[in-house]
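K.L.:
Fold the following.
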Amino acid sequence: MNDPVELRIVDIVGSGFCFASDDGQKVYDAIVAQLREGRSVCLSFAGADALTSAFLNVAVGQLYGAYTQAEIRAKLTIADACQDDLVLLKRVVDRAKEFFANPEQFQTTAKGVLGDDSEP
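P.N.:
Below you'll find the predicted structure:
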């Protein structure tokens with residue numbers, strides 16, 4: 001089996017500060033490009049000084065809308081993440097799994113909470 005391709009978040013983002021969803025999209029796009037080529041990915045958090053859930057939702061969370069949990073587990077590993085980052089990542093992944101299992105329910109709930117009766 002081939003070794004996974006290492007993708008360093010700081011190399012993709014250009015900084016150790018990973019806040020913006022736009023930067024998360026760059027990471028997501030890099031991961032997906034490798035997965036489409038049939039490669040496994042090791043996502044390295046080395047040098048990532050600060051992360052937000054907004055960043056991780058886009059970088060990793062949206063993978064659950066494009067791939068099954070089994071595919072992600074088989075093809076994506078995480079490296080060099082501190083305990084706090086792992087806890088945040090787990091929350092993001094858990095929410096993503098719930099959302100993509102039933103996105104209509106999440107949208108209905110959000111509309112109810114926000115009082116938005118308009119169509120998306």
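
K.L.:
Quick one: mean pLDDT over the helix or strand where Phe100 lies.
P.N.:
Assessed by DSSP states H and E, Phe100 sits inside helix 83-101. Averaging pLDDT along helix 83-101 yields 94.

K.L.:
For that helix, list every residue counted as buried.
P.N.:
85, 88-89, 92-93, 95-96, 99-100 (16 or more other CB atoms under 10 Å). All C-beta spots, glycine's among them, are computed from the backbone N, C-alpha and C.

K.L.:
Nearest to Val13 among those residues?
P.N.:
Within those, proximity to Val13 (CB to CB) peaks at Asp85, which comes in at 14.0 Å.

K.L.:
distance of the spatially most central residue of the chain from Asp3?
P.N.:
The structure's the chain has its C-alpha centroid closest to Val60; by CA atoms, centre = their mean the separation is 1.0 Å. As judged by CB to CB, to the nearest Å, Val60 and Asp3 stand 21 Å apart.

K.L.:
Show me where this protein has its helices.
P.N.:
Ranges of helices in the chain, per DSSP state H, are 9-13, 21-36, 53-56, 63-66, 69-75, 83-101, 103-114.
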